[in-house]
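J.: show me how the following folds:
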Amino acid sequence: VTSQEHRGAGMGLLSYAAVIAAAIAAAGVMQGKIQVPLPFPASNQTVLDIPAESLPQEPLPFEGALAKNDLLTRKAVKLFENVIKGSETVALQHGSDSLTMLDKFGYVWVAEPVPSATGGKPSNYTLNPEPLAYLGQGRPLGFHHDAQGNLIVCDSTKGLLMLEAGSRRLVVLSTRVSPTSPLDPGAPLNYVNDLDIAPDGTVYFSTSHEIPVAMNKDGFYDTFWSFLLGLYSGSHTGKLLKYEPATGTTTCLAKGFWYANGVALSEDGSYVALAETNRMRVVKVWIKGPKAGTTEPLISHLPGFPDGVSRSADGNFWVALPAPRSPLLKLLKFKLLRCLLPWLPENLKPPLPRWGAVTKVSPNGEVLQTLMDPDGSHIAFVSAVAEHEGRLFMGSVKQDYVGYYDL
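T.: Sure thing, here's the model as predicted:
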């Protein structure tokens with residue numbers, strides 16, 4: 001027997017042993033006996049089993065009010081392209097047409113309307129040459145003005161913030177759940193995402209999950225990577241909370257969501273519409289009346305990932321769908337695959353599908369209207385919208401512009 005034959009036999013045995021070891025490891029993962037860690041910043045998290053009822057089901061068909069169209073392609077207007085980078089939404093103060101935007105680096109920008117020669121809606125806006133304020137390192141997401149003109153901000157790394165009107169003083173409102181909260185007392189606020197403000201000043205806001213947000217190689221805090229880690233891990237740790245300015249207390253109202261996202265109060269204030277992104281649905285979290293403390297679906301089986309939710313002028317809800325469903329969703333039931341996906345090199349990771357889409361939903365879950373750019377060639381990755389005097393302003397957490405669409 002030659003030495004080459006010996007080496008060949010040895011290599012065969014090693015290959016066979018590697019296959020056996022891989023099979024044993026895979027079986028261990030599937031049975032929960034081997035815990036596979038996730039990459040940074042989720043190094044202390046593992047890949048979990050996902051309940052069958054949580055896995056996304058077949059989407060609603062593109063028909064009726066949900067039919068595909070090119071309304072955003074043809075009629076939406078881009079603003080501040082290549083200047084405003086990653087403003088998740090656009091905020092407007094009561095009684096003002098000025099636009100407030102917050103870029104992904106933490107700078108607050110204001111734009112003033114250019115008066116129309118005909119006296120109608122302004123067709124353009126002028127961006128002030130210098131930012132209004134800098135919030136410091138972090139990643140701001142949802143934000144609204146309160147009745148006093150203060151800017152209330154969800155910062156995914158710093159918590160719930162307030163930029164005072166006039167003084168521009170930055171105030172940290174909350175970084176953890178209060179000790180008096182019935183749910184999760186004292187828990188830190190990781191990944192604060194979106195908010196809405198009640199007439200009495202109470203702030204209802206979401207935390208997406210317990211996986212934090214870290215800075216990427218491009219120099220900004222990467223919320224999308226944290227989102228993907230939550231998708232792969234199956235972490236159902238999203239929450240809905242409220243902050244009461246009069247007492248400074250933060251209360252957890254509901255938890256267990258698979259990436260809690262957009263927040264909007266109902267017209268009568270009896271429930272909060274909350275996007276549960278990874279389950280492709282929006283839920284009602286009841287905060288008043290006989291159903292208080294319970295949760296039920298508002299709309300399920302959405303054709304894209306729901307992000308920002310806002311109340312329309314007629315009492316319905318606008319739901320931003322920044323990306324269509326990915327074929328990857330059908331593979332989430334395979335735990336072993338979810339263990340491997342986050343460790344793939346960048347060039348092997350599945351690409352993010354592209355479009356621009358916003359849908360209007362009634363309080364009963366009926367789709368009333370859909371605005372689309374089917375391939376995202378003009379308007380893409382719309383993450384939240386704000387309706388103001390017949391105009392729908394669109395932010396994009398991923399793109400370097402904001403925009404509007406006249407209804």
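J.: excluding chain neighbours, what is closest to Val83?
T.: Nearest non-adjacent residue to Val83, counting by C-beta to C-beta, 6 or more residues apart in numbering: Leu127, 6.5 Å away. Bear in mind the C-beta positions are built from the backbone N, C-alpha and C, glycine included.
J.: no wait, Glu389
T.: Nearest residue to Glu389, sequence neighbours excluded (C-beta to C-beta, 6+ apart): Lys121, at 7.2 Å.
J.: what's the distance between that neighbour and Lys242?
T.: Per C-beta to C-beta, to the nearest Å, Lys121 is found 35 Å from Lys242.
J.: just Phe227 next, same as before
T.: As judged by C-beta to C-beta, Phe227 and Lys242 stand 23 Å apart.
J.: more neighbours: those two, which one.
T.: More neighbours surround Phe227 than the other of Phe227 and Lys242, with 23 against 19 (other C-beta atoms under 10 Å).
J.: and the next helix or strand past the one helix or strand that one maps to?
T.: Secondary structure from DSSP states H and E places Phe227 in helix 223-233. Remark: after helix 223-233, the chain's next helix or strand is strand 238-244, criterion DSSP H and E.
J.: for the protein, what helix or strand is lowest in average pLDDT?
T.: Ranking every helix and strand in the chain by mean pLDDT, DSSP states H and E puts helix 3-30 at the bottom, with a mean of 44.
J.: summarise which helices and strands the next helix or strand along the chain from that helix is packed against.
T.: Per DSSP H and E, the first helix or strand lying C-terminal to helix 3-30 is helix 71-75. With contacts taken as 3 or more C-beta pairs under 8 Å, 6 or more residues apart in numbering; DSSP states H and E, helix 71-75 sits against strand 356-361, strand 367-373, strand 402-406.
J.: now do the second one: distance to the chain's middle.
T.: Counting by C-alpha atoms, centre = their mean, to the nearest Å, strand 367-373 is centred 19 Å from the centre of its parent chain.
J.: that one packs against which elements?
T.: Strand 367-373 packs on helix 71-75, strand 356-361, going by 3+ C-beta pairs under 8 Å, 6+ apart.
J.: buried ones in the first one?
T.: Of the residues in helix 71-75, those with enough neighbours to count as buried (16 or more other C-beta atoms under 10 Å) are 71-73.
J.: adding distance to Pro56 and pLDDT, write those residues out as CSV.
T.: Putting those into CSV (distance: C-beta to C-beta, whole Å; pLDDT from 0 to 100) gives the following:
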residue, distance to Pro56, pLDDT
Leu71, 26, 98
Leu72, 24, 98
Thr73, 27, 98
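J.: now, which of those sits nearest Val397?
T.: Leu72 (16.6 Å; C-beta to C-beta).
J.: what's opposite the residue nearest to that closest one when sequence neighbours are not counted in the beta bridge?
T.: Excluding the flanking residues, the one nearest Leu72 by C-beta to C-beta, 6+ apart is Asp373, at 4.0 Å. Beta-bridge partners for Asp373, by DSSP bridges, are Gly356.
J.: Asp373 touches Phe381, doesn't it?
T.: No. Using C-beta atoms under 8 Å, Asp373 makes no contact with Phe381, being 10.1 Å away.
J.: any residues in contact with both of the two?
T.: Residues within reach of Asp373 and of Phe381 at once, by C-beta atoms under 8 Å, 6 or more residues apart in numbering, are Gly356.
J.: distance of the nearest residue to Ser396 once chain neighbours are set aside from Gly304?
T.: Of all residues not flanking Ser396 in the chain, Phe381 sits nearest, at 4.9 Å (C-beta to C-beta, 6+ apart). Distance of Phe381 to Gly304, given as C-beta to C-beta: 11 Å.
J.: taking helix 223-233 as reference, get the angle to the helix or strand where Gly142 lies.
T.: Using DSSP H and E, Gly142 sits in strand 140-145. Calculated by axes from the mean of the first three to the mean of the last three C-alpha atoms, to 10 degrees, strand 140-145 forms an angle of 110 degrees with helix 223-233.
J.: and whichever helix or strand comes after strand 140-145, which strands flank it?
T.: Moving toward the C-terminus from strand 140-145, the next helix or strand (DSSP H and E) is strand 151-155. Using DSSP bridges, the strands paired with strand 151-155 are strand 140-145 (antiparallel), strand 159-163 (antiparallel).
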